[in-house]
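> The sequence and its predicted three-dimensional model are supplied below.
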Amino acid sequence: MLGLALTLVLAADGGLSPKDEVLALVSQQVAAWNRGDLPAFCSVYADDAVFVSPPRAANPDAGVAASEGVTRGRSEVLARYQKRYPDGKAMGQLSIEPYDVRETKDAVSVSAKWTLRYPDKPASSGNTVIVLVRSKAGWRIVHDASM
């Protein structure tokens, strides 16, 4: 916990590399998810972010609509998450384990394994790649491909 606090202080102070700033931001997102705060979790997405997930066939019996697998814009990403995870029980507890972080002149990408753990059912996990760019408001996710 002290390490995370120190990382966040250094990020705010400008003492970290862009990679480390982004990883601190991802840690903040995980904390927001785990306290059930989807608006804070999604606040990191750019207004014009593109979120890509596997396409899904409709299942009317389960109340599931078909999906092309592409969500555009922060508000739509938030609405998607709110529909899929309506409460803390559905959200579970998130962990993200980065396995590759790359920095270019203009962006940082993070490839990671995500896991959602639940007290009453098996965990689910998958992979994600997020691409962040620095804006006046700080680092923002512009692309998120989660499988």
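Arrived safely, thanks for sending.
> which stretches of this protein aren't confidently modelled?
1-14, 57-67 (pLDDT under 70).
> if you set the cut-off to 80 instead, what comes out?
Scanning the chain for pLDDT under 80 picks out the ranges 1-14, 55-68.
> Now do the strands in this protein.
With DSSP state E applied, the chain shows strands at 45-52, 70-72, 93-103, 107-117, 124-135, 138-146, listed in chain order.
> Would you mind naming the residues that bridge with residue 109?
On the basis of DSSP bridges, residue 109 is bridged to residue 102, residue 131.
> Give me the distance between it and residue 37.
Remark: distance between residue 109 and residue 37 (CB to CB, to the nearest Å) = 25 Å. Backbone N, C-alpha and C define where each C-beta goes, glycine included.
> Please apply the same query to residue 72.
When CB to CB is the yardstick, residue 72 and residue 37 sit 23 Å from each other.
> Between those two, tell me which one has more neighbours.
The neighbour comparison of residue 72 against residue 37 (other CB atoms under 10 Å) goes to residue 37, with 14 against 11.
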